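Engineer: Just need the structure, nothing else, for what follows:
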Amino acid sequence: YSREPEATEGIPFHLTTPMRDGIGVKIWQCWGWVPPEARINDKSAWRLVVLADGKYVLRDEPAPTPDGKPPYFPIKSIPIPKRLYGESILQYIGPLADQQSRLANMRLDEVFLGVWQQYIYRADSVVSDNQLLMQPGGAIEVAPEQGQSINDTFAVLPRKPVMPDAWNEDQYRQTQAEHAAAATDIMQGVSASDRQTATEVERRLQQGNARHTLYSMWNSFTVKKEMLTRTWRWLQMRMTVPRIVRTVGTEYATVDISQIQVPVDIIVADGIFA
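Structural biologist: Got it, this is the predicted structure:
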């Protein structure tokens, strides 16, 4: 059992260099916070360490990122406290889909057995094994003993019909999956009544997409804004060549690093219908 980490710090990224003479070198890149008592060369709290084969130190220096933290961050669909990866809706509806597939396969097997029935017979009553090949219009030659009828030597194996629960369970799991994914009828284009007014449809649509709107807002705040903010800080720190960009109020303008040293609050206006 591997416990899920709580943060991205200390999670190594590794790659193996192209092999030469059949030997490859594994490079480990690790970003992490260094406790005060372990800081030797300088006082920086965040460091970047690169190791070769787990024992040769190729790089050990303060983290070169603007905030000193790792240049990556987790993307969570459903945040869970003290869990790096959080959870996903697929974790909820995935088992339901597997169960639906299993039920569907069972029902299909029962349908096949109902159409292509099974038979029971006495071992010494069938003239030839080739006679057991079932086909439309075919016949099976049997040799019952004296005083016995054909039904005593060869008969259809009785089967019970598919239980209604096999269909009810499938619909129950489908409903559970739709509720977990917020896939309401109105979001699927299904109308509950032919006499709904436009106002009712609009209200149901607003209520039905509330979760999707919150997901979109959460994604904009935790992913888009974070990514744009980091990009802006990287440009403030490392943009050495002037660039031509589109600015507010003008079509295009030349911008250098000295013109972007002002603090900027990035706001992402987003929504499911944005």
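Engineer: Tell me how far the closest residue to Ala63 other than its chain neighbours lies from Asn209.
Structural biologist: Distance criterion CB to CB, 6 or more residues apart in numbering; nearest residue to Ala63, sequence neighbours excluded, is Trp46 at 4.2 Å. The way it works is simple: take the backbone N, C-alpha and C, and place the C-beta from them, glycine included. Distance of Trp46 to Asn209, given as CB to CB, to the nearest Å: 40 Å.
Engineer: cool, Trp33 as well?
Structural biologist: Distance from Trp33 to Asn209, by CB to CB: 40 Å.
Engineer: Format the CA atom coordinates belonging to stretch 227-238 as CSV.
Structural biologist: Extracted in CSV, the C-alpha atoms of stretch 227-238 (Å, rounded to 0.1, in the frame of the first residue of the first chain):
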residue,chain,number,x,y,z
MET,A,227,-1.0,28.8,-14.8
LEU,A,228,-1.4,32.3,-16.0
THR,A,229,0.0,33.7,-12.7
ARG,A,230,3.1,31.5,-12.9
THR,A,231,3.7,32.4,-16.6
TRP,A,232,3.5,36.1,-15.8
ARG,A,233,6.0,35.7,-12.9
TRP,A,234,8.3,33.8,-15.2
LEU,A,235,8.2,36.5,-17.8
GLN,A,236,8.9,39.1,-15.1
MET,A,237,11.9,37.2,-14.0
ARG,A,238,13.4,35.8,-17.3
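Engineer: Need the contact partners of that stretch.
Structural biologist: Thr65, Pro66, Asp67, Pro71, Ile257, Ile260, Gln261, Val264, Ile266, Val268 (CB atoms under 8 Å, 6 or more residues apart in numbering).
Engineer: low-confidence ranges in the protein?
Structural biologist: Within the chain, the stretches with pLDDT under 70 are 1-15, 17-22, 40-44, 129-138, 186-194, 208, 270-274.
Engineer: so how far does stretch 204-223 reach from one end to the other?
Structural biologist: Using CA to CA, to the nearest Å, the end-to-end distance of stretch 204-223 comes to 29 Å.
Engineer: Flag every buried residue along it.
Structural biologist: Buried positions in stretch 204-223, judged by neighbour count with 16 or more other CB atoms under 10 Å: Arg204, Gly208, Asn209, Arg211, His212, Tyr215, Ser216, Asn219, Ser220.
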